[in-house]
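Chemist: build me a model:
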Amino acid sequence: MKNKIKVVQALLTLGEGGAQTYFEKMVYAFQDDPEIDQRVITVSLSNRLKRFDNAGINYLATGNFRSDKAPHRFVQSLFAKYNDRRRIKRYLDDFQPEVIVSYHNTAPEIIHYPSAVHIARMGHGNSKRTYANCDFIVVNQPTLRHQILAKGWSKQRIEVISNFAEFPEALQSSGDMPELPSGARVLLTLGRLHPAKAQDTLIEAMALLPENTCLLIAGAGRLEKQLKLLVESLNLSQRVFFLGLRRDVPALLQMADVVLLPSRYEPLGNVILEAWQARKPIIAANSDGPRWLIENGKNGLLFNIDEVKSCADQIKYLLDMPNSQLQEMLDAGSEKLQEYFSKEVIVGQYKALFRKLINSRLK
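Modeler: Numbers count the residues shown, from 1 in each chain. Now for the predicted structure:
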């Protein structure tokens with residue numbers, strides 16, 4: 001067997017949303033791979049650290065580099081961040097990684113280790129300055145590659161490697177389920193409660209759907225109060241249920257008749273991959289990621305962004321779809337998932353990139 005690739009994965013932002021969950025998915029995927037020797041750098045989130053401890057993952061926990069702007073804590077905060085930078089440097093020196101994969105915006109800025117190939121793993125476009133410490137950028141769909149090229153990066157330093165759907169057991173924990181009316185058709189959407197995710201479009205569409213249709217909204221965020229007021233104003237309180245942040249995504253998917261992603265802006269859409277994995281039909285707004293993944297009518301359905309009636313019409317169409325046609329759609333989603341977005345495929349693409357970049361540096 002070839003020598004193991006020495007890899008550090010780093011995420012230095014708070015939160016436990018979809019992007020942070022995908023970071024953990026990647027950590028578990030690399031941990032299980034016999035060709036990778038992994039270390040992890042992460043902010044101190046107690047739930048994440050407990051999961052990493054249970055999985056035997058070697059990690060360094062740091063403070064939040066974007067934290068505390070309060071004047072009376074400013075010096076203390078600077079001192080803590082200085083110490084954390086030194087701890088990161090010692091951790092890297094002890095391990096001597098060949099590759100560093102850093103996520104979001106903070107880790108690419110904070111981590112500077114010239115002896116390793118530094119790859120920034122992006123989910124959305126950002127300034128070239130943010131990635132000044134990085135040798136290479138990975139994006140998860142082609143539109144993002146075009147955005148990075150427009151910011152001055154050369155095409156030789158960017159590669160598209162997408163996401164996978166498999167949800168490790170270590171990330172799952174059970175949650176309370178709402179009591180639904182007997183015979184209800186269950187719609188499910190997952191995502192932070194944020195304007196970009198457009199849960200308001202979906203709530204308004206519910207007013208156009210049959211009374212036996214219920215909507216589960218899994219996620220947390222600053223729009224929770226506003227969205228609940230919208231539900232009340234439309235007299236939908238008996239049909240729309242807010243579940244909060246959830247760690248039982250596979251169980252929620254099994255409850256669903258239809259999975260929905262109404263986002264106004266969506267770089268990729270992990271929910272689409274997870275729906276295909278669970279063999280559940282998916283309907284999404286035609287933002288960048290869903291438009292790249294879904295062939296409308298073949299492996300899912302698309303509707304126009306912000307168009308409530310278009311959303312409701314697609315839901316009605318799918319709920320009334322003959323079973324034979326529905327199975328064909330589910331088969332097409334499963335086939336595309338296995339060919340392009342399985343864990344084996346995605347991790348294989350990362351390992352091939354790691355070896356290529358390491359070999360290029362050694363020449």
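
Chemist: if I look at residue 180, how far off is residue 241?
Modeler: Counting by CB to CB, to the nearest Å, the gap from residue 180 to residue 241 is 8 Å. Yep, even glycine has a C-beta here, placed from its N, CA and C like the rest.

Chemist: so what sits against both of these two?
Modeler: Taking CB atoms under 8 Å, 6 or more residues apart in numbering as the contact rule, residue 180 and residue 241 both touch residue 214.

Chemist: these two: which has the busier surroundings?
Modeler: It is residue 241, of residue 180 and residue 241, that has more neighbours when counted by other CB atoms under 10 Å, with 18 against 15.

Chemist: all helices of the stretch 1-150 of the chain, in order?
Modeler: Along the stretch 1-150 of the chain, the segments classed as helices by DSSP state H, counting those that start in this stretch run 18-31, 46-55, 74-95, 106-110, 142-150.

Chemist: mean confidence score for the last one?
Modeler: pLDDT averaged over helix 142-150 equals 87, rounded to a whole number.

Chemist: can you pull the contacts of the closest residue to residue 211 other than its chain neighbours?
Modeler: Ranked by CB to CB, 6 or more residues apart in numbering and with sequence neighbours excluded, the top spatial neighbour of residue 211 is residue 239, at 7.5 Å. Taking CB under 8 Å, 6+ apart as the contact definition, residue 239 lies against 206, 211, 213, 214, 215.

Chemist: quick check: closest non-adjacent residue to the third one.
Modeler: Yep, that's residue 213 we're talking about. Residue 213's closest residue in space is residue 185 (CB to CB, 6+ apart), at 5.0 Å.

Chemist: any weak-confidence spans in the chain?
Modeler: By pLDDT under 70, the low-scoring segments of the chain are 1-2, 66-79, 123-128, 362-363.

Chemist: can we see that at 80?
Modeler: Within the chain, the stretches falling below the threshold (pLDDT under 80) are 1-2, 15-18, 64-80, 123-130, 170-175, 362-363.

Chemist: pop the domain breakdown of it in here.
Modeler: 5-164+342-362, 173-340 (automatic domain parsing).

Chemist: tell me which element residue 225 falls in.
Modeler: In the assignment (DSSP states H and E), residue 225 maps to helix 224-233.

Chemist: pull out the buried positions in that helix.
Modeler: The neighbour-count criterion (16 or more other CB atoms under 10 Å) identifies 224, 227, 228, 230, 231 as the buried residues of helix 224-233.

Chemist: quick check: what element follows it along the chain?
Modeler: Sequence-wise, the next helix or strand beyond helix 224-233 is strand 240-244, with elements assigned using DSSP H and E.

Chemist: other SSEs contacting whatever helix or strand comes next after that following strand?
Modeler: Going down the chain from strand 240-244, the next helix or strand is helix 249-255, by DSSP H and E. When contacts are defined as 3 or more CB pairs under 8 Å, 6 or more residues apart in numbering; DSSP states H and E, helix 249-255 sits against strand 185-190, strand 213-218, helix 270-277.

Chemist: elements contacting the last one?
Modeler: Using 3+ CB pairs under 8 Å, 6+ apart as the contact criterion, the secondary-structure elements in contact with helix 270-277 are helix 18-31, strand 185-190, helix 249-255, strand 258-261, strand 282-285, helix 288-293, helix 323-340.

Chemist: tilt between that helix and strand 213-218?
Modeler: Between the axis of helix 270-277 and that of strand 213-218 there is an angle of 120 degrees, by axes from the mean of the first three to the mean of the last three CA atoms, to 10 degrees.

Chemist: check the offset of helix 270-277 from the chain's centre.
Modeler: Relative to the chain's own centre, helix 270-277 is displaced by 11 Å; criterion: CA atoms, centre = their mean, to the nearest Å.

Chemist: also stretch 129-139?
Modeler: Put simply, stretch 129-139 sits 19 Å off its chain's centre (CA atoms, centre = their mean).

Chemist: appreciated, that's everything.
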